[in-house]
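Participant: Give the three-dimensional model of this entry:
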Amino acid sequence: MELTKNIFFNTDKLLQNSRVKISYTGTFFENNSDEVYIHYGFGISWDNLSEIKMEKTELGFQTELELLEFDTFNFCFRDGNNNWDNNETANYVFDLEKSEMALVI
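Facilitator: Numbers count the residues shown, from 1 in each chain. Sure thing, here's the model as predicted:
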């Protein structure tokens, strides 16, 4: 998987229909923000759009969420003052792989 600065996953593959833990150590963590939210959706149209408040830890802001059955997982971050980290307007986009269990039919 391609690594992105300041974003870490607890797995080396992002699989459809699985849970993933995300850690963010970007601008808002570096600036000691009190609150950070992950704003995310799936596929080219950002389907199932959601937002979750992340937990502030010594290792960054963290949360767990469910990856759905789409081709991509798209997200960006915002702080409590409504400032956005959207990867310089490109957002953060990661391909999702089909789980091996789904392939065995």
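Participant: what sits against the residue nearest the centre of the chain?
Facilitator: Residue closest to the average C-alpha location in the chain (CA atoms, centre = their mean): Phe75, at 5.3 Å. The contact partners of Phe75, by CB atoms under 8 Å, 6 or more residues apart in numbering, come to 38-41, 91-92. (Each C-beta comes from the backbone N, C-alpha and C, glycine too.)
Participant: State the distance from the closest residue to Ser99 other than its chain neighbours to Phe94.
Facilitator: Among residues not flanking Ser99 along the chain, Leu15 sits closest, at 4.5 Å (CB to CB, 6 or more residues apart in numbering). For Leu15, the distance to Phe94 equals 11 Å [CB to CB, to the nearest Å].
Participant: okay, how far is it across stretch 13-32, tip to tip?
Facilitator: 29 Å (CA to CA, to the nearest Å).
Participant: so what's the residue nearest to Ser99 up against?
Facilitator: Counted by CB under 8 Å, 6+ apart, Leu15 has contacts 67, 96-99.
Participant: Same question for Lys98.
Facilitator: 15-16.
Participant: go again using 6 Å as the cut-off
Facilitator: Each residue near Lys98 by CB atoms under 6 Å, 6 or more residues apart in numbering is listed here: Gln16.
Participant: Show the backbone phi and psi for it.
Facilitator: Backbone geometry at Lys98, expressed as degrees, to the nearest 10, gives phi -70, psi 140.
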